[in-house]
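>>> structure here, sequence nowhere to be found:
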């Protein structure tokens, strides 16, 4: 495993009490594979991404767990070592390229800065690499685009530029947090194709985070479904697509035809909405919306267990013998 | 860019004209005859003389004729003659305005260096004792009346410590000093007045800078920069500061009229031979030609300040472009 | 909510107390003042006395009790500042509201006037006006207000523009309410928070400007005490009698800081977003 996350918990202390956006999450990403992390808004998936880089914003804090990257726990690294990992070993693409690119610097400079920082490139060399990356990621006239400011590019072009920034340090893992959500539907598939291309070209592992199951399955080898801070099902897409086991995953699958459904919309097959993280029900967080829930589900939270061809956290699913 | 500057300059012409016109008519609302005021120091004057002076100055014409004449003269750079000093106002301005500009530019420098530094430190160390000290200190200095601060500085640094001179722009023996000595002498005289002017501005800048930087530091592109592995210091300096500074430039342009106002008092206290003290003396002595002229210079400087701020803004913010073809 | 947030801001709360004490002392000056503020007695025996129990702020060059003069000075400085603020805020809010409500050509014309006015270096305008007109107290208030209202007008206009599209304003218009009633009954009360914040800031500017003018000898003239002219009275004897300038200036500073802190507190209390940003 390139990345192994074990029992990761991230806590926020707010006026309303404690929140656990990430609550005992464990998973691994192998070199060169694409793992899709699916969940609704507020399920804690973005916080998983920020936790991996140890960038949880205050007042949040990682309170438990290990994040092992190439055999070393990121959380135990020194500040300088963490900075080497951020951008150098693990690149990150954010949801809204308009907000995550600095408005007052040229695209090329923002890409070149990362190359200089993590690959020790010289000024000219880093600039050439930036132009090359932009061209490689399918931008026409890359020299001109490198000299442009973010506001001068379209949304799709900006997202390509942001991806170029994220891979300019040639990381081994790319985390893409809702990379298509802020984009037009037509551009979304282009970005998906781009992610697949990057994987082939640079051999990077990708952790693809989205609320859009259809989009994720287009790119990912394995799927991980998250609900209210916990992982409820994780396994190969071939297995899950054939037969989803967790009731929540079933609901997500049922909603697939509704392509382009917004992250805040209730899912097609599932009544109700994601519970407030500050006010989670006792037992399984999903029981209130679950058609199969019974007394056990209300009493205790089901652990993530091996159910044969995957892991699943549900009392209604028979575990593997 | 150039076209835009020219356009802005042309647009500011009616603005300045409006101010100048208002100034002219306000000053003619004054009770009492300017000729009486002009001749007052000479005691009883022959009515024939008064009439001749009146004709000489065009004061026997109706006010709108006087206005047009005055406007035409002003446009040619002829501001008339001072009632008090009996010299052309233009010559007086040429001697005083540079001193005021020197004072204000030096104060703006202090304002920028001190204000931005304190604002950044305060924002980066938010919530610490240092931040609270800077915040409260800048509020105090900002609210403190300049004339009182000036007197207190004089009390401590001139009267008790004897470090700095209390008045004038140069020492009495200035002419005998070497070139280096002259420079030093000028700087030495600048310290206290510039401190008074600059510190209040710095306090305002620090407060504003702190707020802006905190806003910028919560932007997504700062989180993104951290995710790319940049150092905290680099992020503040390279990724946040430029964004936070952009609006400061506008604030700077707007601070010119405030500085000019404060300079009148500071110049009066420190006997600084600038335009501000000249204006105060002119107001006390009802020297209307001088009042009109200095008000106009102040208005022009204000408008120029705004223009410079505009140009500066466009220079640092790529999103603002004067030249449509650049896109 | 807003009141609660304001109360949580200890600095702003202390400032309110400080202002209350200052206003109360000013009102009760005839009772509180141990001596006559203007009468001059045996000058040679009483002048230039440093602060003592008998004269907490010392005495001036004419032997007058500076504590008593400071109390009476507070009356002038505070009343001129507050009245000028009330006048400027009323004119500015009304003007801004009318411009914002009608919009279009009316707004354009009204705001051009404001533009010219604001481009006028304010203190120069004040100097010009006090030079032209004899500066009695009412005239001084008028002059101060005259220079301050455009800033308020511009700010309030912006607020009104954003309020104009609100449902309750649309509803009032649909009911056929006359413009003046919509402006007075709905728009200005709707913009009350920004009006309050600007008012607090305007007080700071007005008290400061009056003090500055009086310091230059162009505002309130002696023997009537104002903090500004009291500071000026001591400037030539700074080396031998620092207290003459020190105390009135210190009171002035405390007053200005207090009003600034109140303005800050009001802004934070009325704009929850700002507070959230501060603490999150």
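Looks like it arrived, so ask away. Because the structure is predicted, anything quoted here is derived from the model rather than measured.
>>> so what's residue C:160 closest to, chain neighbours aside?
The shortest distance from residue C:160 to any non-neighbouring residue, by C-beta to C-beta, 6 or more residues apart in numbering or on different chains, is to residue C:100 (3.0 Å). All C-beta spots, glycine's among them, are computed from the backbone N, C-alpha and C.
>>> what of residue A:115?
Spatial nearest neighbour of residue A:115, chain neighbours left out: residue A:126 (4.0 Å); criterion: C-beta to C-beta, 6+ apart.
>>> wait, that neighbour sits on residue A:118?
No: at 10.1 Å, residue A:126 does not count as touching residue A:118 under the criterion of C-beta atoms under 8 Å.
>>> any stretches of the stretch 101-250 of chain C with poor pLDDT?
Of all residues in the stretch 101-250 of chain C, none has pLDDT under 70.
>>> nope, the stretch 1-150 of chain A is what I was after
Low-confidence segments of the stretch 1-150 of chain A (pLDDT under 70): A:16.
>>> any idea how far residue A:314 lies from chain C?
36 Å (C-beta to the nearest C-beta, to the nearest Å).
>>> the helices in chain B, which residues?
Ranges of helices within chain B are B:2-28, B:34-39, B:47-56, B:63-75, B:89-124, B:129-143, B:146-153, B:179-217, B:220-227, B:232-234, B:241-269, B:275-284, B:288-316, based on DSSP state H.
>>> okay, the ones you listed in TSV with distance to residue B:165, mean pLDDT and mean neighbour count next?
TSV is the format used below for those (distance: least, C-beta to C-beta, whole Å; pLDDT from 0 to 100; neighbours: other C-beta atoms under 10 Å in any protein chain shown):
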stretch	distance to residue B:165	mean pLDDT	mean neighbour count
helix B:2-28	34	81	15
helix B:34-39	34	63	18
helix B:47-56	41	73	12
helix B:63-75	36	85	13
helix B:89-124	14	91	20
helix B:129-143	23	87	17
helix B:146-153	12	88	24
helix B:179-217	6	85	20
helix B:220-227	47	89	23
helix B:232-234	40	84	12
helix B:241-269	12	86	22
helix B:275-284	16	90	25
helix B:288-316	25	84	21
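>>> let's have the ones you listed in TSV, adding distance to residue C:109.
Conversion of those to TSV gives the following (distance: least, C-beta to C-beta, whole Å):
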stretch	distance to residue C:109
helix B:2-28	13
helix B:34-39	33
helix B:47-56	38
helix B:63-75	23
helix B:89-124	33
helix B:129-143	35
helix B:146-153	36
helix B:179-217	32
helix B:220-227	42
helix B:232-234	50
helix B:241-269	23
helix B:275-284	31
helix B:288-316	20
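>>> out of these, flag the one nearest chain A.
Of all the helices of chain B, helix B:220-227 sits nearest to chain A, with 3.8 Å by C-beta to the nearest C-beta.
>>> before we move on, the earlier item: OK, contacts around the residue nearest to residue A:115?
Listed by C-beta atoms under 8 Å, 6 or more residues apart in numbering or on different chains, the contact partners of residue A:126 are A:111, A:112, A:113, A:115, A:116, A:119.
>>> ok, the fifth one touching residue A:128?
No: with contact defined as C-beta under 8 Å, residue A:116 does not reach residue A:128; the gap is 11.9 Å.
>>> who has more neighbours out of these two?
More crowded of residue A:116 and residue A:128, by other C-beta atoms under 10 Å in any protein chain shown: residue A:116, with 20 against 17.
>>> for residue 93, which non-adjacent residue is spatially closest?
Went with chain A since none was named. residue A:176 (4.2 Å).
>>> chain B, not that one
Leaving out its chain neighbours, the residue that sits closest to residue B:93 by C-beta to C-beta, 6+ apart is residue B:293, at 6.0 Å.
>>> mind listing what that neighbour touches?
B:74, B:79, B:80, B:89, B:90, B:93.
>>> ok, now with 7 Å
Residues counted as contacts of residue B:293 (C-beta atoms under 7 Å, 6 or more residues apart in numbering or on different chains) are B:79, B:89, B:93.
>>> next one: residue B:205
By C-beta under 7 Å, 6+ apart, residue B:205 lies in contact with B:111, B:112, B:115, B:116, B:119, B:248.
>>> can you tell me which residues in the stretch 201-321 of chain A are near chain B?
Neighbours of chain B within the stretch 201-321 of chain A, by C-beta under 7 Å from any C-beta of the partner chain: none found.
>>> rewinding a little: near chain A too, which of the contacts of residue B:205?
With C-beta under 7 Å from any C-beta as the criterion, the subset of the contacts of residue B:205 in contact with chain A is empty.
>>> how about the helix or strand that contains residue C:197: buried residues?
Taking DSSP states H and E as the definition, residue C:197 sits inside helix C:192-215. Neighbour counts over helix C:192-215 (16 or more other C-beta atoms under 10 Å in any protein chain shown) mark C:194-215 as buried.
>>> hang on, the earlier thing: TSV for the contacts of residue A:126, including secondary structure?
Listed next are these as TSV, based on DSSP: H, G, I helix; E, B strand; the rest coil:
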residue	secondary structure
A:111	helix
A:112	helix
A:113	helix
A:115	helix
A:116	helix
A:119	helix
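>>> just the buried members of those residues?
Burial by neighbour count, 16+ other C-beta under 10 Å: within those this picks out A:111, A:112, A:113, A:115, A:116.
>>> out of the residues you listed, who's nearest residue C:14?
Nearest to residue C:14 among those: residue A:113, at 47.0 Å, using C-beta to C-beta.
>>> please report how far that closest one lies from residue C:269.
For residue A:113, the distance to residue C:269 equals 41 Å [C-beta to C-beta, to the nearest Å].
>>> ditto for residue A:141
Residue A:141 is 52 Å from residue C:269, by C-beta to C-beta.
>>> from the buried ones among the contacts of residue A:126, which is closest to chain C?
When the buried ones among the contacts of residue A:126 are compared for distance to chain C (C-beta to the nearest C-beta), residue A:113 comes out closest, at 27.8 Å.
>>> so residue A:141 and residue C:269 - more neighbours on which side?
residue C:269 (23 against 12).
>>> did I read that right, the more buried one in a helix?
Yes: using three-state DSSP, the secondary structure at residue C:269 is a helix.
>>> quick check: the nearest residue to residue B:310 once chain neighbours are set aside vs residue C:150, distance?
Using C-beta to C-beta, 6+ apart and skipping the chain neighbours, the partner closest in space to residue B:310 is residue B:8 (6.3 Å). In this view, residue B:8 and residue C:150 are 21 Å apart by C-beta to C-beta.
>>> how big is the angle separating the host helix or strand of the residue nearest to residue A:93 from helix B:220-227?
If you go by DSSP H and E, residue A:176 is part of strand A:173-177. Strand A:173-177 and helix B:220-227 are oriented at 160 degrees to each other (axes from the mean of the first three to the mean of the last three C-alpha atoms, to 10 degrees).
>>> near chain B, which residues of the stretch 51-200 of chain C? Just list them.
Within the stretch 51-200 of chain C, the positions adjacent to chain B are C:115-116, C:119-124, C:127-132 by C-beta under 7 Å from any C-beta.
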